[in-house]
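Undergrad: got a predicted model here, sequence first, then my questions.
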Amino acid sequence: MTEIFADGVNSIAVSNGVARVELVQLRRNTVGEAKLVPQPVATLFLPVAGLQQMLQQLDETARRVQEQQAEQDRVAAGEIDAQVADEALTNL
């Protein structure tokens with residue numbers, strides 16, 4: 001299995017029932033000003049049904065991350081006992 005790290009998505013195009021997701025990494029610009037610029041590293045090809053499934057899974061993951069962050073924010077604000085929060089985060 002090939003593993004690719006991507007900092008983000010540059011574009012998504014759908015043609016003939018196939019989604020093409022262009023993944024990018026942030027790399028240091030070697031010409032001129034030294035700043036990070038997105039550069040394409042891979043293209044992920046998925047049937048539209050696969051893209052829809054991926055979006056559902058990403059939505060569920062985003063929901064869980066938001067819940068975890070809200071829980072951490074409440075702990076930081078002293079609203080709940082830290083031990084209870086640790087147990088709740090462990091069970092996610």
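TA: Yep, that arrived.
Undergrad: which elements pack onto the longest helix seen in the chain?
TA: Longest helix in the chain, counting residues (DSSP state H): helix 48-76. Where contact means 3 or more C-beta pairs under 8 Å, 6 or more residues apart in numbering; DSSP states H and E, helix 48-76 is packed against strand 8-15, strand 18-28, helix 82-90. From N, CA and C alone the C-beta is placed, and that goes for glycine too.
Undergrad: how far away from the center of its chain is it?
TA: Its chain's average C-alpha position is 9 Å from that of helix 48-76, according to C-alpha atoms, centre = their mean, to the nearest Å.
Undergrad: buried residues, stretch 6-22. List them.
TA: Neighbour counts using 16 or more other C-beta atoms under 10 Å place 6, 19, 21-22 of stretch 6-22 among the buried residues.
Undergrad: would you mind writing the CA trace of that stretch as CSV?
TA: Extracted C-alpha coordinates of stretch 6-22, given in CSV (Å, rounded to 0.1, in the frame of the first residue of the first chain):
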residue,chain,number,x,y,z
ALA,A,6,-1.0,15.8,1.9
ASP,A,7,-1.5,19.2,3.4
GLY,A,8,-4.7,19.7,1.5
VAL,A,9,-6.7,19.4,-1.6
ASN,A,10,-6.1,21.7,-4.6
SER,A,11,-9.1,20.7,-6.7
ILE,A,12,-11.8,18.2,-7.3
ALA,A,13,-13.1,17.5,-10.7
VAL,A,14,-15.8,15.0,-11.8
SER,A,15,-15.9,13.6,-15.3
ASN,A,16,-17.6,10.4,-16.6
GLY,A,17,-18.6,9.3,-13.1
VAL,A,18,-15.0,9.5,-11.8
ALA,A,19,-13.9,12.1,-9.2
ARG,A,20,-10.3,13.3,-9.5
VAL,A,21,-9.0,14.8,-6.2
GLU,A,22,-5.7,16.6,-6.6
